[in-house]
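Participant: quick one, structure for this:
(one chain, ligands or ions: 1)
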Amino acid sequence: MIYWDHNSTTPCAPEVVEAMREFWNEEFGNPSSSHIMGHRSAVAIQRAREQVADLANVFPPEIVFTSGATESNNLLFLGILLSPSTERKRIVVSSIEHKSVLEPAYLLKGYGYEIVKLPVDRRGETKVDAAKKLITPETLIVSVQAANNEIGTLQPVADLAEIAHENGAYFHTDAAQMFGKLPLDVQAVNCDFASFSAHKMYGPKGIGALFVRGGPRRWPWAHPFLGGGQESDLRPGTSNVSAIVGFGAACRLANDFLKENSAYLYQLSEKFIRELKVVEPQVIIINEINSSLPGTLSIIFPGIPADLLIAHCQEICISRASACNGAIGASHVISEVLQNSCLEESVVRVSFGRDSSPDDFGAFFRILKKIRSGV
Ligand code: PMP
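Facilitator: Now for the predicted structure:
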């Protein structure tokens, strides 16, 4: 099987699996317990917290483990929803945010908040000039992803954080896609909050984190989840120790190999596009390779419906839009960027990972030739 869907999820790295193994059935102590086995689990969590914090360049107590970026994003907006009303009633998001930001943000609309969407250009980059006008002193929070999951475009998050802070607003970035694939210095970007996910970066599924500047004690809103003291009361519930350990191990690996992996993936994408254009001169690449996530390509195959291409790719995993949108259906990201419904049907995402090889290109090109020749 050829797996070219790494923005959806990546395989767990062998080193990560190895690090997790003993926490499944040997070191199974509940980290909240005061006995020795509980203590050993708590120490493992602390080590993982340091590893995640190290990759993000933040302090370990500022990392709150959650079940993933969806939960981190929801935690933020539900916290606002459940808090006493503030003077600031404006929430600014980019128009191509993941649904786990857009949907909870829009929930607030029913409670007196105004949701303002920042426009993006043809490559999916948020327009900073528009942001300067739309982020106002009435803004409570600005939430813009670090990189888009469908087209890979990197966003000018440091500039947007500065504009947010000039207006006295908080800045949050959903960094699920960027974390572990490119360097992300959360301090330098000056985020107040950031969401992370382990399974995009060779870690396990079902684990992620929310960075909270100053730590959970400085959380400015209500706690949406109640009934336990874990993660400083902000995310109660028995900690998933093996997954947290795996996330930490994935962060350590990313710290060691991030430069090497990203350089390889940029080269691989360039080579793929060069060779693809020989086979299919009419293809259009939506994103700019060098200002996108490494290995991510959003490609229009004019005249070939994406579903048809995917159906022909029995041995090759490529995708239409984000897995979180479901396998079929329109993508709000592609609609925003293309503004052309005829082409929308023909957009395919290819996202390579560190195990992807140019040796597999031929199999894909043969499928394309077959479809074009009507066989
Ligand atoms: N945000 C972005 C940008 C994502 O790509 C994803 C996963 N596709 C999520 C949030 C959700 O992350 P998780 O699967 O960890 O809940």
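Participant: what's around Gly295, how many residues?
Facilitator: 26 (other C-beta atoms under 10 Å). (Each C-beta comes from the backbone N, C-alpha and C, glycine too.)
Participant: so it sits right up against Ile289, yeah?
Facilitator: No - Gly295 is beyond contact range of Ile289, at 9.3 Å (criterion: C-beta atoms under 8 Å).
Participant: overlap in contacts, those two.
Facilitator: Common contacts of Gly295 and Ile289 (C-beta atoms under 8 Å, 6 or more residues apart in numbering): Tyr266, Ser269.
Participant: domain map for this protein?
Facilitator: As given by automatic domain parsing, the domain ranges for the chain are 2-8+258-373, 14-252.
Participant: of all those, which one is nearest the ligand?
Facilitator: domain 14-252 (2.5 Å; C-beta to the nearest ligand atom).
Participant: quick one: the closest one near the ligand?
Facilitator: Yes - using C-beta under 6 Å from any ligand atom, domain 14-252 reaches the ligand at Gly68, Ala69, Thr70, His98, Ser100, Gln145, Asn149, Asp174, Ala176, Gln177, Ser197, Gly208.
Participant: so who does the second one touch?
Facilitator: Contact partners of Ala69, counting by C-beta under 8 Å, 6+ apart, are His98, Ser100, Asp174, Ala175, Ala176, Ser195, Phe196, Ser197, Gly208.
Participant: want to throw those into a markdown table with neighbour count, distance to Arg47 and secondary structure?
Facilitator: As requested, the contacts of Ala69 are exported to a markdown table (neighbours: other C-beta atoms under 10 Å; distance: C-beta to C-beta, whole Å; DSSP: H, G, I helix; E, B strand; the rest coil):
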| residue | neighbour count | distance to Arg47 | secondary structure |
| --- | --- | --- | --- |
| His98 | 23 | 29 | coil |
| Ser100 | 20 | 28 | helix |
| Asp174 | 32 | 26 | strand |
| Ala175 | 29 | 22 | coil |
| Ala176 | 30 | 23 | coil |
| Ser195 | 31 | 22 | strand |
| Phe196 | 34 | 17 | strand |
| Ser197 | 27 | 20 | strand |
| Gly208 | 28 | 17 | strand |
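Participant: just to revisit the earlier point, check the domains of the chain for me: which has the lowest mean pLDDT.
Facilitator: Lowest mean pLDDT of the domains of the chain: domain 2-8+258-373, a mean of 92.
Participant: residue boundaries of the helices in this structure?
Facilitator: Per DSSP state H, the chain carries helices over the ranges 14-25, 36-56, 69-81, 99-107, 128-134, 157-166, 186-189, 241-279, 306-312, 332-338, 341-344, 361-372.
Participant: so which of those is the most packed in?
Facilitator: helix 69-81 (a mean of 24; mean count of other C-beta atoms under 10 Å).
Participant: how far does that helix sit from its chain's centre?
Facilitator: The chain centroid and the centroid of helix 69-81 are separated by 15 Å under C-alpha atoms, centre = their mean, to the nearest Å.
Participant: got it, and stretch 98-110?
Facilitator: Chain-centre distance of stretch 98-110: 16 Å, with C-alpha atoms, centre = their mean.
Participant: same question for stretch 335-355.
Facilitator: That offset, for stretch 335-355, works out to 17 Å (C-alpha atoms, centre = their mean).
Participant: and that stretch with the ligand, contact?
Facilitator: No - residues of stretch 335-355 are not located near the ligand by C-beta under 6 Å from any ligand atom, the shortest gap being 10.5 Å.
Participant: with only the CA atoms kept, save that stretch in CSV.
Facilitator: Once non-C-alpha atoms are left out, stretch 335-355 reads as follows in CSV (Å, rounded to 0.1, in the frame of the first residue of the first chain):
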residue,chain,number,x,y,z
SER,A,335,-14.4,26.8,-2.0
GLU,A,336,-12.9,29.8,-0.2
VAL,A,337,-9.6,29.5,-2.1
LEU,A,338,-10.8,28.6,-5.6
GLN,A,339,-14.1,30.5,-5.8
ASN,A,340,-14.7,28.3,-8.8
SER,A,341,-17.2,25.4,-8.3
CYS,A,342,-16.3,23.7,-11.6
LEU,A,343,-12.8,23.1,-10.5
GLU,A,344,-13.6,22.2,-6.8
GLU,A,345,-14.7,18.7,-7.8
SER,A,346,-11.2,18.0,-9.2
VAL,A,347,-9.0,18.9,-6.2
VAL,A,348,-7.0,16.1,-4.7
ARG,A,349,-4.6,16.3,-1.7
VAL,A,350,-1.4,14.4,-1.7
SER,A,351,0.5,14.6,1.5
PHE,A,352,3.8,12.7,1.7
GLY,A,353,5.6,11.5,4.8
ARG,A,354,9.1,10.6,5.6
ASP,A,355,8.6,7.0,4.2
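Participant: quick one: the strands in the stretch 101-250 of the chain?
Facilitator: Shown for the stretch 101-250 of the chain, the strands assigned by DSSP state E, counting those that start in this stretch span residues 114-118, 139-143, 170-174, 193-197, 208-212.
Participant: looking at the ones you listed, which one is packed in the most?
Facilitator: By mean neighbour count, with neighbours taken as mean count of other C-beta under 10 Å, strand 193-197 ranks first of those at a mean of 29.
Participant: now for that strand, which elements pack on it?
Facilitator: Packing partners of strand 193-197 (3 or more C-beta pairs under 8 Å, 6 or more residues apart in numbering; DSSP states H and E): helix 36-56, helix 69-81, strand 170-174, strand 208-212.
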